[in-house]
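[1] Take this sequence and fold it.
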Amino acid sequence: QVQLVESGGGLVQAGDSLDVSCIDSGRTFSNYAMGWFRQRPGKEREFVTTINWNGRSTLYADSVKGRFTISRDNAKNTVYLQMNSLKPEDTAVYYCGASRQYPSTNSRMYEYWGQGTQVTVSS
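    Have a look, this model is predicted:
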(Lines give C-alpha, C1' and ligand atoms only; values in the text may rest on other atoms or scores of the structure.)
Protein backbone atom coordinates (compact mmCIF):
# COMPACT_ATOMS: atom_id res chain seq x y z
CA GLN A 1 0.00 0.00 0.00
CA VAL A 2 1.21 3.49 -0.84
CA GLN A 3 0.26 6.42 1.37
CA LEU A 4 1.66 9.74 0.27
CA VAL A 5 1.93 12.95 2.27
CA GLU A 6 3.32 16.16 0.83
CA SER A 7 4.89 18.96 2.83
CA GLY A 8 6.89 22.12 2.35
CA GLY A 9 4.55 24.40 0.43
CA GLY A 10 4.18 28.04 1.27
CA LEU A 11 4.16 31.64 0.11
CA VAL A 12 7.25 33.01 -1.62
CA GLN A 13 8.13 35.89 -3.89
CA ALA A 14 8.93 35.65 -7.57
CA GLY A 15 12.52 34.56 -8.07
CA ASP A 16 12.67 32.70 -4.76
CA SER A 17 13.28 29.01 -4.24
CA LEU A 18 11.15 26.47 -2.41
CA ASP A 19 11.48 22.77 -1.71
CA VAL A 20 8.56 20.40 -1.32
CA SER A 21 8.71 16.76 -0.35
CA CYS A 22 6.49 13.72 -0.36
CA ILE A 23 6.88 10.77 1.95
CA ASP A 24 5.38 7.33 1.49
CA SER A 25 4.41 5.67 4.73
CA GLY A 26 3.96 2.34 2.96
CA ARG A 27 6.57 -0.28 2.27
CA THR A 28 6.66 -0.43 -1.53
CA PHE A 29 8.02 3.03 -2.42
CA SER A 30 10.90 1.76 -4.56
CA ASN A 31 8.48 -0.24 -6.70
CA TYR A 32 7.02 2.94 -8.15
CA ALA A 33 7.99 5.77 -10.40
CA MET A 34 7.06 9.04 -8.75
CA GLY A 35 5.70 12.21 -10.27
CA TRP A 36 4.81 15.74 -9.34
CA PHE A 37 1.75 17.39 -10.80
CA ARG A 38 0.13 20.74 -10.08
CA GLN A 39 -3.35 22.08 -10.28
CA ARG A 40 -4.40 25.71 -10.56
CA PRO A 41 -7.93 26.87 -9.78
CA GLY A 42 -10.32 25.91 -12.54
CA LYS A 43 -7.62 23.98 -14.39
CA GLU A 44 -6.86 20.31 -14.87
CA ARG A 45 -4.03 18.62 -13.04
CA GLU A 46 -0.85 19.35 -14.98
CA PHE A 47 2.30 17.25 -15.29
CA VAL A 48 5.42 18.81 -13.79
CA THR A 49 8.05 16.09 -13.55
CA THR A 50 8.61 12.39 -12.96
CA ILE A 51 11.44 10.15 -11.79
CA ASN A 52 11.98 6.45 -12.27
CA TRP A 53 12.22 3.93 -9.45
CA ASN A 54 15.97 4.25 -8.84
CA GLY A 55 16.27 7.97 -9.51
CA ARG A 56 18.47 7.60 -12.57
CA SER A 57 15.99 8.95 -15.08
CA THR A 58 13.84 12.06 -14.97
CA LEU A 59 11.49 13.94 -17.25
CA TYR A 60 10.32 17.54 -16.97
CA ALA A 61 7.58 19.68 -18.44
CA ASP A 62 8.99 22.39 -20.67
CA SER A 63 7.54 25.05 -18.38
CA VAL A 64 9.77 24.00 -15.48
CA LYS A 65 12.81 22.57 -17.24
CA GLY A 66 16.00 24.11 -15.91
CA ARG A 67 14.24 25.56 -12.85
CA PHE A 68 12.83 22.51 -11.03
CA THR A 69 14.68 19.37 -9.93
CA ILE A 70 13.10 16.09 -8.84
CA SER A 71 15.00 13.57 -6.74
CA ARG A 72 14.23 10.64 -4.50
CA ASP A 73 15.71 8.80 -1.55
CA ASN A 74 14.39 5.26 -1.44
CA ALA A 75 15.93 4.66 1.99
CA LYS A 76 13.70 7.47 3.31
CA ASN A 77 10.68 6.67 1.11
CA THR A 78 10.74 10.29 0.00
CA VAL A 79 10.59 12.18 -3.27
CA TYR A 80 11.65 15.81 -3.44
CA LEU A 81 10.91 18.74 -5.70
CA GLN A 82 13.35 21.62 -5.64
CA MET A 83 11.89 24.72 -7.27
CA ASN A 84 14.12 27.64 -8.23
CA SER A 85 13.42 30.94 -9.97
CA LEU A 86 9.75 30.65 -9.10
CA LYS A 87 7.22 32.61 -11.13
CA PRO A 88 3.67 33.69 -10.25
CA GLU A 89 2.40 31.20 -12.83
CA ASP A 90 3.91 28.39 -10.72
CA THR A 91 1.22 29.10 -8.12
CA ALA A 92 -0.79 25.90 -7.67
CA VAL A 93 -1.49 22.97 -5.42
CA TYR A 94 1.33 20.50 -5.94
CA TYR A 95 0.59 16.79 -5.76
CA CYS A 96 2.90 13.80 -5.74
CA GLY A 97 1.78 10.58 -7.32
CA ALA A 98 2.99 7.00 -7.64
CA SER A 99 2.87 5.06 -10.88
CA ARG A 100 4.00 1.63 -12.00
CA GLN A 101 4.81 3.06 -15.42
CA TYR A 102 7.66 5.32 -16.37
CA PRO A 103 7.72 7.79 -17.86
CA SER A 104 4.14 8.91 -17.61
CA THR A 105 2.90 12.45 -18.02
CA ASN A 106 -0.75 11.40 -17.80
CA SER A 107 -2.28 11.74 -14.35
CA ARG A 108 -4.55 8.77 -15.02
CA MET A 109 -1.50 6.49 -14.99
CA TYR A 110 -0.83 7.32 -11.34
CA GLU A 111 -2.41 4.96 -8.83
CA TYR A 112 -1.82 6.87 -5.64
CA TRP A 113 -1.86 10.56 -4.76
CA GLY A 114 -1.03 12.72 -1.80
CA GLN A 115 -3.37 15.38 -0.48
CA GLY A 116 -1.42 18.23 -2.09
CA THR A 117 0.51 21.21 -0.81
CA GLN A 118 -0.15 24.82 -1.77
CA VAL A 119 2.61 26.84 -3.39
CA THR A 120 1.92 30.52 -3.87
CA VAL A 121 4.32 32.83 -5.70
CA SER A 122 3.68 36.54 -5.39
CA SER A 123 4.88 39.02 -7.98
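[2] Can you show me the strands along this protein?
    With DSSP state E as the criterion, the chain has strands at 4-7, 10-13, 18-24, 33-39, 46-51, 58-60, 68-73, 78-83, 92-99, 112-113, 117-122.
[3] how close does the residue nearest to the spatial centre of the chain get to Glu6?
    For the chain, the residue nearest the mean C-alpha position is Trp36 (2.4 Å; C-alpha atoms, centre = their mean). Using C-beta to C-beta, to the nearest Å, one gets 9 Å for the distance from Trp36 to Glu6. (C-beta placed from N, C-alpha, C; glycine too.)
[4] Now for these two: what residues contact both?
    20, 22, 94-96 (C-beta atoms under 8 Å, 6 or more residues apart in numbering).
[5] quick revisit: looking at the strands of the chain, which is closest to Thr105?
    Among the strands of the chain, the nearest to Thr105 by C-beta to C-beta is strand 46-51 (4.1 Å).
[6] hang on, the earlier thing: which two in the shared contacts of Trp36 and Glu6 are spaced the farthest apart?
    Val20 and Tyr95 (10.0 Å).
[7] Which of these two has more residues huddled nearby?
    The residue with more neighbours, out of Val20 and Tyr95, is Tyr95; 23 against 20, by other C-beta atoms under 10 Å.
[8] Could you pull up the residues touching the more buried one?
    Tyr95 neighbours (C-beta under 8 Å, 6+ apart): 6, 36-39, 45, 113-116.
[9] if we go to 7 Å?
    Neighbour list for Tyr95: 6, 37, 39, 45, 113-114, 116 [criterion: C-beta atoms under 7 Å, 6 or more residues apart in numbering].
[10] what's the neighbour count on the residue nearest to Thr69 when sequence neighbours are not counted?
    Spatially, and ignoring its direct neighbours in sequence, Thr69 is nearest to Gln82 (4.4 Å; C-beta to C-beta, 6 or more residues apart in numbering). Gln82 has 14 neighbours, counted by other C-beta under 10 Å.
[11] what's the spacing between Gln82 and Val2?
    22 Å.
[12] do Ala61 as well
    23 Å.
[13] Skipping adjacent residues, who's closest to Ser71 in space?
    Tyr80 (4.9 Å).
[14] Next up, the contacts around that neighbour.
    The neighbours of Tyr80, taking C-beta under 7 Å, 6+ apart as the test, are 19, 21, 70-72.
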